[in-house]
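K.L.:
this is a predicted model, with the sequence first.
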4 protein chains.
Amino acid sequence: MHHASARHKAAARTGIWFVGARGSVASTATVGLAAIADGQAPPTGCVTAREPFASAGLPAFADLVVGGHDISSVTMTKRAECLVETGMIGPRLFAATHDALERADAEVRPGYDPHTDGPRTESQQAVAERLAADITSFQERHDLARVVVIDLSSTEPPVVPSPEHDDVDALLAALADPARAVLPASSVSAYAAILAGAAYAAFTPSAGMGLPALTRLAGERGIPVAGQDGKTGQTWLRTVLAPAFAARGLKVLSWAGTNLLGGGDGATLADPDAVRSKLASKNRGLTALTGSDTTPLHIDNVPDLGDTKVAWDHVHVEGFLGSRLTLQTTWSAHDSMLAAPLVLDLARLLALAHAAGISGPVPELGFFFKDPWGSDVHDAADQARAVEEWVRGTAAQVGR
Amino acid sequence: MHHASARHKAAARTGIWFVGARGSVASTATVGLAAIADGQAPPTGCVTAREPFASAGLPAFADLVVGGHDISSVTMTKRAECLVETGMIGPRLFAATHDALERADAEVRPGYDPHTDGPRTESQQAVAERLAADITSFQERHDLARVVVIDLSSTEPPVVPSPEHDDVDALLAALADPARAVLPASSVSAYAAILAGAAYAAFTPSAGMGLPALTRLAGERGIPVAGQDGKTGQTWLRTVLAPAFAARGLKVLSWAGTNLLGGGDGATLADPDAVRSKLASKNRGLTALTGSDTTPLHIDNVPDLGDTKVAWDHVHVEGFLGSRLTLQTTWSAHDSMLAAPLVLDLARLLALAHAAGISGPVPELGFFFKDPWGSDVHDAADQARAVEEWVRGTAAQVGR
Amino acid sequence: MHHASARHKAAARTGIWFVGARGSVASTATVGLAAIADGQAPPTGCVTAREPFASAGLPAFADLVVGGHDISSVTMTKRAECLVETGMIGPRLFAATHDALERADAEVRPGYDPHTDGPRTESQQAVAERLAADITSFQERHDLARVVVIDLSSTEPPVVPSPEHDDVDALLAALADPARAVLPASSVSAYAAILAGAAYAAFTPSAGMGLPALTRLAGERGIPVAGQDGKTGQTWLRTVLAPAFAARGLKVLSWAGTNLLGGGDGATLADPDAVRSKLASKNRGLTALTGSDTTPLHIDNVPDLGDTKVAWDHVHVEGFLGSRLTLQTTWSAHDSMLAAPLVLDLARLLALAHAAGISGPVPELGFFFKDPWGSDVHDAADQARAVEEWVRGTAAQVGR
Amino acid sequence: MHHASARHKAAARTGIWFVGARGSVASTATVGLAAIADGQAPPTGCVTAREPFASAGLPAFADLVVGGHDISSVTMTKRAECLVETGMIGPRLFAATHDALERADAEVRPGYDPHTDGPRTESQQAVAERLAADITSFQERHDLARVVVIDLSSTEPPVVPSPEHDDVDALLAALADPARAVLPASSVSAYAAILAGAAYAAFTPSAGMGLPALTRLAGERGIPVAGQDGKTGQTWLRTVLAPAFAARGLKVLSWAGTNLLGGGDGATLADPDAVRSKLASKNRGLTALTGSDTTPLHIDNVPDLGDTKVAWDHVHVEGFLGSRLTLQTTWSAHDSMLAAPLVLDLARLLALAHAAGISGPVPELGFFFKDPWGSDVHDAADQARAVEEWVRGTAAQVGR
Ligand SMILES: NC(=O)c1ccc[n+]([C@@H]2O[C@H](COP(=O)([O-])OP(=O)(O)OC[C@H]3O[C@@H](n4cnc5c(N)ncnc54)[C@H](O)[C@@H]3O)[C@@H](O)[C@H]2O)c1
Ligand SMILES: NC(=O)c1ccc[n+]([C@@H]2O[C@H](COP(=O)([O-])OP(=O)(O)OC[C@H]3O[C@@H](n4cnc5c(N)ncnc54)[C@H](O)[C@@H]3O)[C@@H](O)[C@H]2O)c1
Ligand SMILES: NC(=O)c1ccc[n+]([C@@H]2O[C@H](COP(=O)([O-])OP(=O)(O)OC[C@H]3O[C@@H](n4cnc5c(N)ncnc54)[C@H](O)[C@@H]3O)[C@@H](O)[C@H]2O)c1
Ligand SMILES: NC(=O)c1ccc[n+]([C@@H]2O[C@H](COP(=O)([O-])OP(=O)(O)OC[C@H]3O[C@@H](n4cnc5c(N)ncnc54)[C@H](O)[C@@H]3O)[C@@H](O)[C@H]2O)c1
Ligand code: NA
Ligand code: NA
């Protein structure tokens, strides 16, 4: 490929559009992006910083520009300041990235809040068009080759099923009806990404682009999408360990877990409705990998832990001649510090997918997700190999 | 391959010759083999019980016959009885395998004890010939297609280096000299395996076949060998986890560990000399995988734990923007129950290697070892893939 | 006291009447009592085996005789046999105590099962009289100075409040009405103890003697009672640790816990109703001792763990200058092995209370309970001191 | 006592003289003292902030003045700044206490460094007099009722025994000899405290005042002394838990532990000589409390942990009928944040002892130490009670 326009090169100025831009993960990603782009911090924790990703012609960190939607009026800068208070972000780093936070926050536009927006002067179609216009205008203003929308908004309760979720035409009709609110907010944002022609990643367990009608539409309109629910800590660890037991011929009898966390996510998940989405998504991989369904799992809101997530797992395993072994793991990490680099990875990788003209779910990005779209593979080592092969192949196809 | 004699088929009656046959691992493996062969226990914990191994034409469990060397007069039956007392082996299982233990113990011959044998009416050459004759006679008596020698004897202190260890001719000369004891006991046993034309696996960290002159000789004499030091518990876990951190771009700062164990191995390792072999071998993979050399590691003899090994690891990791995360693991298992099925796996796989005419170190068997011969790969997932590919390829070559 | 009849001496033949006699704890206590009485096992885990209890003139282990009520037809012997299968009780111990189990099981009479008994040919008064007659007949048959009833039956859901529970006369009237079932089963058994003049201990969190009208009646009729809910594992540990933090001026911010258990109790507590009684009772002491109400707690039924209970606690503490420290504890024990010796202790100590003519709740026995009757003290060290002082004082008063 | 001069009142301006004033613990104590005295931080972690200490007439925090000896030229301010970098001290707190640190550091005088001082123009007597003069001058300059010397200097290797250590006269003679260095540095400092008439506490396991001749001399010269080796974290936890097991009649079989730490103390304890003092002192209480001598213990220098100490303990316990239970604890804390408030407590309590005219070891202060002088009590709950009774009694005697 001797000459590629920016449209066909991944390594071009790229927008990241966060839904939930003023949340903990998005603010941390923005701080980190600024620090890495400036050479003030190494890209530790970013998968795409190592080979074969590093030489795959992905957009440089310095070529990523941040904007987004949120329904909160607390700015990214203020949010980052709170994270300084809790000790998660160092004061120097905050000072050094203050201006970048201000610049990014200036690109934040009001999101769609189903609790306050309407009832119902506006159709959801109109809402989505407004959201899409925000994205398009951002893209033009910054002269971006493409935009990747990443959903980082608060986890929603499980969606109430509706026949329109499975049928593109019925969905489009319902969206046009100002009297109806057929989609949860996350899915309105996903639809807006389609309208804006933006690539899309669902880092949350909310419905988002995961509704069949939207997934199909994304495929038809040439949008690469990836999801769902970032696999960052305890679940990642489980998908590392469970296949390893299987490779040894050892039989998992039960896998019990507890998560303690505070922060914004802790407060959201204190809501028994929201936590149901999360628990379902966390356990899917484990059951697939072990065959055991004795997998009790709890998420407790422990405000004094702030953004630290502590997770304990107890694995009970049957070995040779009916003998038993146990493995306990205790994981302690700043949750947003785990998520943020993966979010930057997804932006870079979806930029490549977009440049390559891939549309619909990208199963090879399953590495990043608890509940991978388009794939049944949960084994973290298999997923790592798959995404490496994918980036090699796709980069070769696109040229650099 | 239209016609294969037993000599060229793996799936034939095969001998397992344990050096250290009356130890905990060997006795457990013998109990388990009898129970599996009889259909009284499933082969849980055996890697070769699952695909692609299961259909690779390995010798059936019922086609494996046990014998060995030991320097202890406590029989395998008695040893197994002690393991019943500690709760590791169930009383019913013991009763059901009692006769098989007696039969196997009847095949145990006196090993070479450097503390009591000599000084020096006999050369080590003569000793090795006696040991080899025990193996050959076992093979003939039971009409076995081949024998696999597996070193399960007590861990020796690190070997005192000697120029003969690197030079085949010098070694053979020294062996013939009754005044010298150029080899540690484990290496005399390894040499005996060569003389007997038996395949060989080193499940211990002792010198064994690992001395360069012996490895070379094994290659020349057409013996497949695999080693070294069974990777069964904490070390295995580390080689599962460390590559997973690397795949995430996370940087291990330190990896500290403690092992508590009782039993025969606990008592042996209470000797600071013997423990040095073990600690070196345990840490090699970790340093290779993480780049960190802050890897303090202890092995404590805690007699009241019996054969249970409890291992605690504390992993300190740097993530995004200099943030820190910790993972702690606590592993609790009957050590011999982890080792025994892998020992049976090795016997079956080396039978295949022998049938295929492979000689010298088999790097693809690195999955089973802390310190893999012929390979620098420590990543457990990579090793699992490698041994699966190897068995497919080798089975296809040999025919079934 | 120059001459004391058996009635006034604690050290006399004493009956233990288990409600739930065929359960795991009762069967284990019976095995243990037989083994200790015979000198086959030391009384490890019995508080009363050490000073000052040992020389307080309590009934000797050999002077304790077991009987009880249950609604299951699975005998104590059979139950103990199951505990042998799970590895909790050794096969030799079982063989050595087999006859004692048979003898004890011959003293088991049908309990009151509210699900099958009635509706309602019989009043609860009549039921209680039948149960009391079982106890009295047991006492006479074995020529016992006294009987101690210990409730070890399955945990009931929280009781539905009723005005009769607070008023002795109203309660007695309601009990006489065959159309009503004013008391839960555990309280019918407690009432039966009163009718039989037996001392009483509530090892479960069920209502039992804890209803105000029954507690009062016990006091009026001269019955010493102690409760409630045996403090054996995780909760005991918490009441050891929490006061120690307070003594150091350290402030507990949160105390999160998870319990995994199988066995009969695990299955019972899988019922969300039953578990509510237990969780309430487990958290009471903790909140009293720490002032923190961030104490999320879970009990999961993990059948593959059998009678082993594994409990993980995560304690988050504020120290000097706002610094934070964490303590994690992992506890793993056979639950019934913790409970059984304390049950024997309670029988011996309530025998002393009875001999001393103490009636109503004995607050000094709070050491044994999660929710101590007649006391607000939860600090395990304070409780240990209190019961030691009590036994010294009471023994001195009774004479030996 | 109707009228007490400042000399006989504890609640008077009091000096704290740190040996090792520029170390981590001393700098943290100084930051904290300033913050508490100013009302910027609550005295969390100080035992003396709660009753009965709070109303015992101890010197107020605002009446404590800091000075000390050190052999390092890195100031307290600089040291505190490093602790800010590691995240242990917050940047605001540092800013708010900056001036107090500067003031305290201005009171730091060169200590006695046996490696560079001499050889031997000066006798150790002369050195001690110089050190004592520093203390006296500090006391006068600040008009202090008394000074409490607290040894917080680096742990020394175990002392080489010498007959003079047991004999006051011989010791005094040897001290006067410029050719000899009969005392380790910590004991020279202790002797200086005696010369200055200052109360003294040994927070380290070094010899200090613990040599018999010095202890005797302190008694004769009317100096109250307390030691030895601050009981702050893992050891404290063990002396909470071990007596609790004993109270339950449970038998500890083994208690294995590992400590990971970085910081100055981590580096010091990487020296196998220094660590021997520490390990001995850590294990003494445990063996006394449990009777078990299977207590393997390790201290590893893990620089990346900074001042955080992580300690894992594995306790194996025998219960009823030979059953086994395990308790594991993982403790994670900033070591200096645990030590600093206890150091302030000791200053306040020794001021009271001094006011009360107590001389020699104060056994009731054993609560604070791993290796309590004048006492065999290690049980933390018993020690807490003892020190509370002592403060009540002594305060009553002194008047307030
Ligand atoms: N390790 C991790 O942090 C991790 C892992 C997997 C998934 N997640 C998911 O990522 C999401 C973000 O986590 P967080 O910790 O940043 O949460 P957070 O609560 O700090 O941030 C969520 C943000 O979303 C905004 N928001 C809510 N509704 C919105 C709407 N309708 N439109 C636009 N913005 C909206 C909120 O105002 C808030 O600013 C959560 O759903 C979480 O479950 C996080
Ligand atoms: N998970 C595991 O159990 C595991 C893992 C890796 C390595 N290993 C190694 O496997 C070996 C066996 O472990 P074990 O627990 O059975 O130990 P063990 O002490 O129970 O058995 C060792 C046996 O070797 C015999 N022996 C000693 N010297 C001999 C000699 N010169 N010739 C013949 N026999 C000799 C002893 O008499 C004893 O019967 C050890 O070296 C151990 O380090 C075990
Ligand atoms: N460490 C401990 O084991 C521990 C600690 C605190 C409290 N407890 C409590 O002790 C009780 C016994 O525990 P377990 O493990 O032995 O349980 P289990 O389920 O093994 O035994 C309970 C027994 O009670 C019997 N029962 C049920 N309803 C009855 C009735 N109405 N009358 C008479 N018998 C009846 C059952 O048939 C069964 O035999 C439970 O309530 C448990 O919560 C146990
Ligand atoms: N939780 C705890 O932190 C804890 C608990 C028990 C005991 N300790 C003991 O407290 C002591 C201080 O711990 P730290 O973490 O502050 O150590 P540190 O290494 O940070 O400080 C020690 C200080 O002592 C100084 N010093 C060394 N030799 C000296 C001498 N001869 N005269 C005067 N000063 C000298 C050093 O220069 C340094 O400033 C150590 O001995 C440690 O073992 C600490
Ligand atoms: Na190698
Ligand atoms: Na002492």
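P.N.:
Okay, I see it. Numbers count the residues shown, from 1 in each chain, chains lettered A, B, ... in the order given. Ligands and ions are numbered 1, 2, ... in the order given.
K.L.:
who touches the closest residue to residue A:75 other than its chain neighbours in this structure?
P.N.:
Spatial nearest neighbour of residue A:75, chain neighbours left out: residue A:105 (4.6 Å); criterion: C-beta to C-beta, 6 or more residues apart in numbering or on different chains. No exception for glycine: its C-beta is placed from N, CA and C like everyone else's. Residue A:105 sits next to A:21, A:22, A:75, A:76, A:77 when contact means C-beta atoms under 8 Å, 6 or more residues apart in numbering or on different chains.
K.L.:
swap in 6 Å and give it another go.
P.N.:
Neighbouring residues of residue A:105 by C-beta atoms under 6 Å, 6 or more residues apart in numbering or on different chains: A:75, A:76, A:77.
K.L.:
distance of the first one from ligand 2?
P.N.:
Distance check for residue A:75 against ligand 2: by C-beta to the nearest ligand atom, to the nearest Å, it reads 56 Å.
K.L.:
so what's the residue count around that residue?
P.N.:
Using other C-beta atoms under 10 Å in any protein chain shown, the number of residues around residue A:75 comes to 19.
K.L.:
need phi/psi at it.
P.N.:
phi -70, psi 160 (degrees, to the nearest 10).
K.L.:
what distance do you get for it to residue D:158?
P.N.:
59 Å (C-beta to C-beta, to the nearest Å).
K.L.:
again with the last one
P.N.:
Counting by C-beta to C-beta, the gap from residue A:77 to residue D:158 is 56 Å.
K.L.:
the two: which has the busier surroundings?
P.N.:
A direct count of neighbours by other C-beta under 10 Å for residue A:77 and residue D:158 places residue A:77 higher, at 21 against 16.
K.L.:
let's verify the more buried one: helix, strand, or coil?
P.N.:
When classified by DSSP: H, G, I helix; E, B strand; the rest coil, residue A:77 comes out as helix.
K.L.:
ditto for residue A:333
P.N.:
Assigned state for residue A:333: strand (three-state reduction, three-state DSSP).
K.L.:
count of neighbours near it?
P.N.:
Residues within reach of residue A:333, counting by other C-beta under 10 Å, total 23.
K.L.:
you'd agree it is up against residue B:324?
P.N.:
No: Residue A:333 is beyond contact range of residue B:324, at 8.1 Å (criterion: C-beta atoms under 6 Å).
K.L.:
list residues touching both of those two?
P.N.:
The contact sets of residue A:333 and residue B:324 do not overlap (C-beta under 6 Å, 6+ apart).
K.L.:
touching the lowest-mean-pLDDT helix or strand in chain A from outside, list them.
P.N.:
Here the helix or strand of chain A ranked lowest by mean pLDDT, DSSP states H and E is helix A:263-269, holding a mean of 74. Helix A:263-269 is contacted by residues A:24, A:154, A:155, A:274, A:275, A:299, A:301, A:306, A:307 when judged by C-beta under 6 Å, 6+ apart.
K.L.:
list just the nearest of those residues to residue D:313.
P.N.:
residue A:306 (27.0 Å; C-beta to C-beta).
K.L.:
now the closest one: how far from residue C:245?
P.N.:
In this view, residue A:306 and residue C:245 are 20 Å apart by C-beta to C-beta.
K.L.:
one more: residue A:316?
P.N.:
Counting by C-beta to C-beta - residue A:316 and residue C:245 are separated by 31 Å.
K.L.:
what residues does chain A put near chain C?
P.N.:
Within chain A, the positions adjacent to chain C are A:253-254, A:256, A:258, A:260, A:294, A:296, A:298, A:300, A:302, A:304, A:310, A:312, A:314, A:316 by C-beta under 6 Å from any C-beta of the partner chain.
K.L.:
what two of those residues are the furthest from one another?
P.N.:
Of all pairs drawn from the residues of chain A next to chain C, the greatest distance, 33.8 Å, lies between A:253 and A:304 (C-beta to C-beta).
K.L.:
pick out whichever of those two has more residues nearby.
P.N.:
residue A:253 (19 against 16).
K.L.:
quick one: the more buried one and residue C:302 touch, right?
P.N.:
No: counting by C-beta under 6 Å, residue A:253 sits too far from residue C:302 to count as a contact (8.3 Å).
K.L.:
all strands for chain A, in order.
P.N.:
Using DSSP state E, the strands of chain A run over A:14-19, A:64-70, A:108-110, A:146-151, A:199-202, A:224-227, A:251-261, A:297-301, A:308-318, A:324-334, A:360-361.
K.L.:
quick one: contacts for the one residue in the stretch 301-400 of chain A that gets nearest to ligand 3?
P.N.:
Proximity of the stretch 301-400 of chain A to ligand 3 (C-beta to the nearest ligand atom) peaks at residue A:314, 18.5 Å away. Contacts for residue A:314 (C-beta under 6 Å, 6+ apart) come out as A:256, A:328, C:260, C:310.
K.L.:
so it bridges to which residues?
P.N.:
In this entry, residue A:314 is beta-bridged to residue A:256, residue A:328, by DSSP bridges.
K.L.:
burial measure for the residue nearest to residue A:168 when sequence neighbours are not counted, as a count.
P.N.:
Leaving aside its chain neighbours, residue A:168 sits nearest to residue A:213 (4.8 Å; criterion: C-beta to C-beta, 6+ apart). Residues near residue A:213, counting by other C-beta under 10 Å, number 23.
K.L.:
quick check, central residue of chain A?
P.N.:
Nearest residue to the geometric centre of chain A (C-alpha atoms, centre = their mean): residue A:203, 1.9 Å.
K.L.:
what sits against that one?
P.N.:
Applying C-beta under 6 Å, 6+ apart to residue A:203 gives the contacts A:150, A:151, A:152, A:230.
K.L.:
touching chain B at all, stretch A:349-356?
P.N.:
No: applying C-beta under 6 Å from any C-beta, one finds stretch A:349-356 separated from chain B by no less than 13.3 Å.
K.L.:
how near is residue A:185 to residue A:127?
P.N.:
9 Å.
K.L.:
how about residue A:356?
P.N.:
As judged by C-beta to C-beta, residue A:356 and residue A:127 stand 31 Å apart.
K.L.:
ok, these two, which is more surrounded?
P.N.:
Neighbours were tallied for residue A:356 and for residue A:127 using other C-beta under 10 Å; the higher tally belongs to residue A:127 (23 against 18).
K.L.:
what stretches of the stretch 201-350 of chain A score poorly on pLDDT?
P.N.:
Across the stretch 201-350 of chain A, nothing is flagged by pLDDT under 70.
K.L.:
give me the residue from it nearest ligand 4.
P.N.:
Across the stretch 201-350 of chain A, no residue is closer to ligand 4 than residue A:332, which sits at 21.1 Å (C-beta to the nearest ligand atom).
K.L.:
hang on, isn't that residue packed against residue A:310?
P.N.:
Yes: contact criterion C-beta under 6 Å: residue A:332 and residue A:310 qualify, at 4.9 Å.
K.L.:
per the record, what domains does chain A have?
P.N.:
Chain A breaks down into these domains under automatic domain parsing: A:6-230+A:337-398, A:234-333.
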